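A.B. asks: fold the following and give me the result.
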Amino acid sequence: MLEARTACSGATGRNGGHTKHASYRHFIDNCKTEGEAEAAKIARFEYNCMKGVHSFAREYDIECDSWEGDTVDIIYDEGQLIKARKAVAKMKRILGEDDPVAKYHLWDPDETRRRYHVEGSLGSVSYAAGSLSAYRFVIGVLKSALGRGLNLQTQTPALRIIRSSKGDSRWTVETHRGAVSASKLVLATNGYTAHLSPPFQGVIVPLRGHMTAQRPGQSLPQDGLPTTYSFIYDDGYEYMIPRPQGSRFAGDIMIGGGLTKAIKAGLQEFGTTDDATADPIIQDYLIDCTESYFGSNWGKDHPEGRLRQAWTGIMGYSSDGFPFVGRMPGEDGLYVAASFQGSGMVLSLLCAKALTHMMTKHEQKSLDAWFPKAFRLGPERLNSKFRGRLHSTAPMDLELKSQI
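C.D. replies: Predicted coordinates for the structure are as follows:
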């Protein structure tokens, strides 16, 4: 395994760790484009992946601040609220009232204010979710794999990949430290995939996401809020994870998003691969928005100040809002698992499992039963260029018919 920088410093760099199946947010769109059966399969996949991440952490004793509980989407836009109601009703009709995948609860403004300490909402949706330290989880996975024979080479960026001219289907990865050859090569490179595979240029587009860690206001529960949050408005959203008890900085608030608050609705963040800098408008907005969401329930800032830390990370987005998983068309031995739409916590684990099935050609019928067709890598999807965030598995309905 080649890592360009230090272990787990790339695509998971935001370290949001929100294990949240916000499937209702794109269920109606998925029904239209993929059909009801596939839309239900996608929703179940996201739910199972959410549960699977925490189960994996328990099974392999990975210390990663794993927490399972509830989340709430606080809604401030009438159109988003109407769509949420329709989507939840449709999911319950198709999947069944008692199916845990469709267990969403709608709350009116008064109930929302009373339950979740927020002001000015039109209502909310609550459902099962969780959180963990994505960094610590991945480091735990790597440690386990190293114990089973993985050869991990950090600070070794891949410069280019070359297919063997000898007809033996071998691939060579060139680095500044030398070359590595293998019969099977996996690009788990998310927003950076086009650097090594030009056919993905404009197909998987990098997007810089912003994240902050904040000390809670003095009127909020100092031992931490009991749920995770998203705050949904007309053209965007923020997501927020309280640090669980027993973790470092317990009670702190991690909040990310703010894309559309930047100039041109954040257009300049698309195509950006520089995660060493931040957009000052987005960063300032994230610092300010926590008090505006909680209003008088926030209280005075912590004596040491509100902001503990701010950073960015690079995500990968596709034109249809789905990941790419499978063998590269016409390229024996070259495989891809990338473009997780900022929702890797409810996509990447089971996408990796599916890819191993594809690589070993094992239990194909079983794979078809649970792995969405929309996620498979094929020629048609490679011809679909990214034109903006028209439809995304990430919980956000933003249309940026951009110049990208």
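
A.B. asks: next, the buried residues of the strand or helix carrying Ala57.
C.D. replies: Using DSSP states H and E, Ala57 maps to helix 36-59. Residues of helix 36-59 classed as buried by neighbour count (16 or more other Cβ atoms under 10 Å): 39-54, 56-57. Using the backbone N, CA and C atoms, a C-beta is placed for each residue, glycine as well.

A.B. asks: how distant is it from the center of its chain?
C.D. replies: 13 Å (Cα atoms, centre = their mean, to the nearest Å).

A.B. asks: give the rounded mean pLDDT of it.
C.D. replies: Model confidence over helix 36-59 averages 98 on the pLDDT scale.

A.B. asks: for that helix, name the packing helices and strands.
C.D. replies: Helices and strands touching helix 36-59, as assessed by 3 or more Cβ pairs under 8 Å, 6 or more residues apart in numbering; DSSP states H and E, comprise strand 18-20, helix 24-34, helix 78-95, strand 123-131, helix 134-147, helix 348-360, helix 364-370.

A.B. asks: between it and helix 78-95, how big is the angle?
C.D. replies: Between the direction of helix 36-59 and that of helix 78-95, the angle (axes from the mean of the first three to the mean of the last three Cα atoms, to 10 degrees) works out to 90 degrees.

A.B. asks: could you shift the numbering so residue one becomes 723, and keep it that way?
C.D. replies: In the new count, where the first residue is 723, that last one comes out as helix 758-781.

A.B. asks: could you give the angle of helix 758-781 to strand 845-853?
C.D. replies: Between the axis of helix 758-781 and that of strand 845-853 there is an angle of 40 degrees, by the same axes, to 10 degrees.

A.B. asks: other residues contacting helix 758-781?
C.D. replies: Residues external to helix 758-781 that are found in contact with it (Cβ atoms under 8 Å, 6 or more residues apart in numbering): 741-743, 745, 749, 752-753, 756, 784, 786, 788, 790, 813, 816-817, 822-824, 850-852, 854, 859, 862-863, 1065, 1067-1072, 1092-1096, 1115.

A.B. asks: export that helix as PDB, just CAs?
C.D. replies: Backbone C-alpha positions of helix 758-781 (Å, rounded to 0.1, in the frame of the first residue of the first chain) are rendered in PDB as follows:
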ATOM      1  CA  GLU A 758     -37.600   1.900  -6.500                       C
ATOM      2  CA  ALA A 759     -35.900  -1.400  -5.900                       C
ATOM      3  CA  GLU A 760     -32.400   0.000  -6.500                       C
ATOM      4  CA  ALA A 761     -33.200   3.100  -4.400                       C
ATOM      5  CA  ALA A 762     -34.200   0.800  -1.600                       C
ATOM      6  CA  LYS A 763     -31.000  -1.200  -2.100                       C
ATOM      7  CA  ILE A 764     -28.900   2.000  -1.900                       C
ATOM      8  CA  ALA A 765     -30.700   3.000   1.300                       C
ATOM      9  CA  ARG A 766     -30.100  -0.400   2.900                       C
ATOM     10  CA  PHE A 767     -26.500  -0.400   1.800                       C
ATOM     11  CA  GLU A 768     -25.900   2.900   3.600                       C
ATOM     12  CA  TYR A 769     -27.700   1.700   6.700                       C
ATOM     13  CA  ASN A 770     -25.700  -1.500   6.800                       C
ATOM     14  CA  CYS A 771     -22.400   0.300   6.200                       C
ATOM     15  CA  MET A 772     -23.200   2.700   9.100                       C
ATOM     16  CA  LYS A 773     -23.800  -0.300  11.400                       C
ATOM     17  CA  GLY A 774     -20.900  -2.200   9.900                       C
ATOM     18  CA  VAL A 775     -18.300   0.400  10.700                       C
ATOM     19  CA  HIS A 776     -19.100   0.300  14.400                       C
ATOM     20  CA  SER A 777     -19.400  -3.500  14.400                       C
ATOM     21  CA  PHE A 778     -16.000  -3.700  12.800                       C
ATOM     22  CA  ALA A 779     -14.500  -1.400  15.400                       C
ATOM     23  CA  ARG A 780     -15.900  -3.600  18.200                       C
ATOM     24  CA  GLU A 781     -14.800  -6.900  16.500                       C
END
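
A.B. asks: what's the PyMOL syntax to select whichever of the contacts of helix 758-781 are buried?
C.D. replies: Written as a PyMOL command, the selection of buried residues from these, which uses 16+ other Cβ under 10 Å, is:
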select buried, resi 741+742+743+745+749+752+753+756+784+786+788+790+813+816+817+823+824+850+851+852+854+859+862+863+1065+1067+1068+1069+1070+1071+1072+1093+1094+1096+1115
